[in-house]
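Colleague: here is the input, now give the coordinates:
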Amino acid sequence: MGQRFEELKDVYNTLVAINFDFNQLPATNKYRKFKEWTQDPDLRKRTNAPPASGKKARVGIKAFGLAEGTNDDHTLIKVGSRALGQLQTLGKQSLFGVTDSSVPATYIARPGFVPAKAILGRNNGTGTPTSKITGIEYKRTVSSTYTIPFGKGSTAALAHEFAQQDAILADAAITSDYVVSFTPEKLGRR
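Modeller: Numbering: from 1, shown residues only. Predicted coordinates for the structure are as follows:
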């Protein structure tokens with residue numbers, strides 16, 4: 001359980017320490033729900049497993065942190081087949097700077113390299129699920145997410161990470177259907 005429930009856990013632990021009777025609380029009270037959740041292993045089981053990313057596919061991108069020129073920035077990376085399938089469905093390989101078919105031999109794997117990624121959350125989730133931990137309803141706005149790597153674009157204007165992010169955010173087909181966030185590229189040594 002992450003930091004999100006730390007305050008709830010602190011109050012619960014205080015109430016347990018003073019031998020508080022949780023049955024006095026209404027059945028919908030978040031502290032009573034939390035007690036039930038901690039004591040019932042069946043409630044703590046996940047009912048919906050995260051979608052499998054499938055087999056990994058090798059694709060090529062141009063790394064932002066490497067010099068452009070004689071193919072020095074050509075980098076070979078792995079991406080989940082589910083995310084790659086979504087990228088191909090969108091038909092936005094050139095927008096993301098991804099070479100997914102017939103990757104030339106100039107693209108090489110680099111130890112310690114983590115590509116910049118765009119996280120696309122499909123913006124069509126509906127319903128109000130109830131938290132098993134607190135019993136409180138919450139809105140669901142994202143139904144499924146896809147983590148898609150991106151690299152330098154085909155023009156000099158898209159050779160920087162923030163410029164490429166702006167280009168992705170400027171695409172109406174993406175921003176109308178998805179909530180978009182980004183993680184930066186990392187170059188490391190191994």
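Colleague: bridged to the spatially most central residue of the chain, which residues?
Modeller: By CA atoms, centre = their mean, the chain has its centre lying nearest to residue 119, at 5.0 Å. Residue 119 forms beta bridges with residue 147, residue 181, as assigned by DSSP bridges.
Colleague: do I have it right that it meets residue 181?
Modeller: Yes: assessed by CB atoms under 8 Å, residue 119 is found in contact with residue 181 at 4.8 Å. Using the backbone N, CA and C atoms, a C-beta is placed for each residue, glycine as well.
Colleague: which residues are in contact with each of the two?
Modeller: Common contacts of residue 119 and residue 181, defined by CB atoms under 8 Å, 6 or more residues apart in numbering, are absent altogether.
Colleague: where do the helices of the protein begin and end?
Modeller: Using DSSP state H, the helices of the chain run over residues 6-17, 30-39, 81-90, 93-96, 161-170, 172-177.
Colleague: so where's the chain uncertain?
Modeller: Residue ranges of the chain with pLDDT under 70: 1-3, 43-44, 46-54, 124-127, 140, 189-190.
Colleague: and it, split by domain according to the record?
Modeller: Per the record, the chain has its domains at 3-39, 56-187, by automatic domain parsing.
Colleague: right, so of the ones you listed, which gets closest to residue 45?
Modeller: domain 56-187 (9.4 Å; CB to CB).
Colleague: span of that closest one from start to end?
Modeller: End-to-end distance for domain 56-187: 21 Å, by CA to CA, to the nearest Å.
Colleague: nearest residue to residue 12 other than its sequence neighbours?
Modeller: Excluding its sequence neighbours, the residue lying closest to residue 12 (CB to CB, 6 or more residues apart in numbering) is residue 34, at 5.3 Å.
Colleague: now do residue 173
Modeller: Per CB to CB, 6+ apart, closest to residue 173 is residue 90, 7.0 Å.
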